[in-house]
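Trainee: Here is a sequence with its predicted model. Questions after.
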Amino acid sequence: MTTDIRGNQLPEVEARRRLAAGLKLYRKRTRQLIDPLSYDDVHSQQSSIMSPLVWDVGHVGNFEEFWLLRELDGRAPHDPLYDEMYNPFDNPRWTRGDLPLLDRDEAVEYSDEVRGDALAILERVDLDPNDPLLRDGYVFKMVIQHEAQHHETILQALDLREDLEPYAVAGFAPPGHESAVDDSEQILIPGGPFLAGTDERTESYDNERPQHWVEVSAFGIDRFPVTNRRFAEFVEAGGYDRRDLWTSEGWDWRTDENVEAPQGWIRQVGGGWLIRRFGHILDLDLSEPVQHVSFHEAEAFARFAGGRLPTEFEWEKAASWGSEATAPRIYPWGSTAPSSELANVGQSRWGPAPVGSYPSGVSAYGVEQLLGDVYEWTSSPFVGYPDFSAFPYPQYSEVFFDDADYRVLRGASWATSTAVTRSSFRNWDYRVRRQIFSGIRLAWDV
């Protein structure tokens, strides 16, 4: 028997079937994302902060080859040059366009060959409960999550490109309407200890572990993510020109980059805003959570609004705890797997949903849309939890700890796969980055 993240016991044959289905599903999605694109779209590096998409395709195959073919089956490297080209630490993003990468067809052929071998290994490998890499199929789930995270990276790169023709894959939901809910409502979270993180080892990453008690003072938190309506007030009030709202580093970034609005916003003649998404020009829906803002923009908005960014533990307590809780929830709503009734994840809407769209996904404290729509900036630096132990390799988390340029983002975005959606998940990025599908939720001192 094996166990999944929700504690369900599965016969091993069913566990293998689900793992194989997951591997096939996410490889199919990789193909769906790149198939409509031209050769130039896939091979060109349009921004120094993003890879050419063809690098992502080859890297996904190389990562899978290392962990499933070599680590599990003892095979020799397919080609040592691939390890050099697709190593993300030896090749920062701004250098990847100059590498002698496999072209589109070669990268697809290579990754498909690896996937076929991986599926054959899955059929016969012992899911040894005494091996933490194989127990409950962990290493296969890690490969699935890794590919799913690169889907989000591919979408970030495409959404960043101003020269992209309207992207055929993007299927936008009908425009929302001004929400009937109070988009500035606050929820009081009582002070006291709660259990942060997780000890779950079937899917969670090492930086989510170990579970430990954290004392949090009482605080207020927005019921909903900050909407475009609220952020537009900041823009129209001259928030980008008010030096008093920005830190010195934030102001330097804002002036150096000449930033005047969130990424993708287009001011209309006569007032109002449009938004550019994946080459499509749409009306800005004021009831949606604001998206594509940096940490510096989030912090400046918080000062404008009289609040602050939450710490990651405040965010997690609001998401996973409750007044009668004895253990954290896997998701804000409980242990039911994410679905379209509970959260906007899995690339179903191609953008954030209006606030108030997922009342069934509410947390025990009454906070909504904590998972899905947009990642949310916190004020917390990215560090390891007490007694952190790297697994299965330090390059996923540990090498990024204690870098003052990073801040933790919590939650999930509309582009996040359900395989990576959980309350304990920790994302992180540079404070200046806003190509990520990032937004804001304010906290308030009590």
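Mentor: Cool, got the structure. Numbers count the residues shown, from 1 in each chain.
Trainee: just checking, Val60 touches Arg31?
Mentor: No. With contacts counted by Cβ atoms under 8 Å, Val60 stays clear of Arg31, the gap being 11.2 Å. The C-beta positions use only the backbone N, C-alpha and C, and glycine is treated the same way.
Trainee: okay, the two: which has more neighbours?
Mentor: Remark: of Val60 and Arg31, Val60 carries more neighbours, 27 against 12, as counted by other Cβ atoms under 10 Å.
Trainee: Pretty sure Ile221 sits in a strand.
Mentor: Yes. Membership of Ile221 in a strand is supported by DSSP: H, G, I helix; E, B strand; the rest coil.
Trainee: Any idea what it is bridged to?
Mentor: Counting by DSSP bridges, Ile221 forms beta bridges with Ile187, Ala443.
Trainee: Check it and give its pLDDT.
Mentor: Ile221 is assigned 98 on the pLDDT scale.
Trainee: gap between it and Asn258?
Mentor: Relative to Asn258, Ile221 is positioned 32 Å away (Cβ to Cβ, to the nearest Å).
Trainee: got it, and Pro210?
Mentor: 44 Å.
Trainee: helix or strand right after the lowest-mean-pLDDT helix or strand in the chain?
Mentor: Between all helices and strands in the chain, the lowest mean by mean pLDDT, DSSP states H and E belongs to strand 2-3, at a mean of 82. Going down the chain from strand 2-3, the next helix or strand is strand 9-10, by DSSP states H and E.
Trainee: domain assignment for the chain?
Mentor: Structural domains assigned to the chain are 2-160, 173-446, following automatic domain parsing.
Trainee: Can you tell me which of the ones you listed is most buried?
Mentor: Mean neighbours per residue, mean count of other Cβ atoms under 10 Å, is largest over those for domain 173-446, with a mean of 19.
Trainee: how long is it end to end?
Mentor: With Cα to Cα, to the nearest Å as the measure, the ends of domain 173-446 fall 38 Å from one another.
Trainee: same question, stretch 300-309
Mentor: End-to-end distance of stretch 300-309 (Cα to Cα): 10 Å.
Trainee: and the closest residue to Trp55 other than its chain neighbours, what does it touch?
Mentor: If the residues on either side of it in the chain are set aside, Trp55 comes closest to Arg96, at 4.7 Å by Cβ to Cβ, 6 or more residues apart in numbering. By Cβ atoms under 8 Å, 6 or more residues apart in numbering, the residues touching Arg96 are Gln45, Ser51, Pro52, Trp55.
Trainee: Identify, from these, the entry nearest to Pro310.
Mentor: In terms of Cβ to Cβ, no member of the contacts of Arg96 lies closer to Pro310 than Ser51, at 31.0 Å.
Trainee: Who are the contact partners of that closest one?
Mentor: Shown in contact with Ser51 (Cβ under 8 Å, 6+ apart): Gln45, His59, Arg93, Arg96, Gly97, Thr153, Ala157.
Trainee: Can you give me the pLDDT of it?
Mentor: 97.
Trainee: Would you mind writing the CA trace of stretch 196-206 as PDB?
Mentor: Extracted in PDB, the C-alpha atoms of stretch 196-206 (Å, rounded to 0.1, in the frame of the first residue of the first chain):
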ATOM      1  CA  ALA A 196       3.400  25.600  10.500                       C
ATOM      2  CA  GLY A 197       4.800  23.500   7.700                       C
ATOM      3  CA  THR A 198       4.300  19.800   7.200                       C
ATOM      4  CA  ASP A 199       5.900  16.500   7.900                       C
ATOM      5  CA  GLU A 200       4.200  15.000   4.900                       C
ATOM      6  CA  ARG A 201       6.700  13.200   2.600                       C
ATOM      7  CA  THR A 202       4.700  11.800  -0.300                       C
ATOM      8  CA  GLU A 203       4.800  15.100  -2.300                       C
ATOM      9  CA  SER A 204       6.000  18.100  -0.200                       C
ATOM     10  CA  TYR A 205       9.300  19.800  -0.900                       C
ATOM     11  CA  ASP A 206      12.100  19.900   1.700                       C
END
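Trainee: Thanks a lot, catch you later.
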